[in-house]
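Asker: Dropping a prediction and its sequence here:
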Amino acid sequence: MIFVTNAQGRATFVSPEWTDYTGQSLEEAVGFGWARVVHPDDRDVARRTVEAAIQAQSAFNLRYRMLAPDGRAMWVAAGAVPSFGPPEQTFLGFLGSITQVIDDPAAGLQAYGSLGSFVPPPPHSATPPSSMLEAMADHLLMAHALIEPAAAARLRPLVERVLHEVGIELARAEQSGEARAAMH
């Protein structure tokens, strides 16, 4: 699942599979509504990590339990990279992904968050991308994670620029979908 936030950390886009996975509509998830589907015991870790990432304008990793529409908790890995734009590399927010990592909520895992980088986990069959743009975002997030180990820091601005543009296209696609839905 792909998500986009603004500079204050408020969700501005969640991919369509968000609704399938959580039961929340886009309207319910935007802003900080997404936090309502984070397991109550994990909300503080998620909140503190996102707040620290905003303050540092840094990539982040999270692992927590997400609640399904039937109340089941599933472990997910989430994270994002910051997006910057003109003028003068202004912090715009984050583009990130959420992937189910394990089906068993009682697997003995603990919620955690960290700053500095985001390494997406391998895709899980429960959270496949629902469009080519989302698949592109997933791959670009993985490319972003591989820049440092490959000692290719000069490529970071290019990948981040393309991630930013993909985020814009995702938002446009969402708005176009809403416009089409309103016409029917």
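Answerer: Arrived safely, thanks for sending. Computed from a predicted model, the values in this text were never measured in an experiment.

Asker: Need the phi and psi values for residue 42.
Answerer: With angles defined as degrees, to the nearest 10, residue 42 sits at phi -110, psi -10.

Asker: Strands of this protein, residue ranges please.
Answerer: 2-5, 11-14, 60-67, 73-85, 90-102, 112-115 (DSSP state E).

Asker: and the gap between residue 117 and residue 159?
Answerer: Distance of residue 117 to residue 159, given as Cβ to Cβ, to the nearest Å: 13 Å. The way it works is simple: take the backbone N, C-alpha and C, and place the C-beta from them, glycine included.

Asker: With just CA atoms, put stretch 20-27 into PDB.
Answerer: In PDB, the C-alpha atoms belonging to stretch 20-27 read as follows (Å, rounded to 0.1, in the frame of the first residue of the first chain):
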ATOM      1  CA  ASP A  20      -9.700  -3.300   1.300                       C
ATOM      2  CA  TYR A  21      -7.100  -3.900   4.000                       C
ATOM      3  CA  THR A  22      -8.400  -1.600   6.800                       C
ATOM      4  CA  GLY A  23     -12.100  -0.900   5.900                       C
ATOM      5  CA  GLN A  24     -11.300   2.800   6.000                       C
ATOM      6  CA  SER A  25     -12.200   5.000   3.100                       C
ATOM      7  CA  LEU A  26      -9.700   7.600   1.800                       C
ATOM      8  CA  GLU A  27     -11.800  10.300   3.500                       C
END
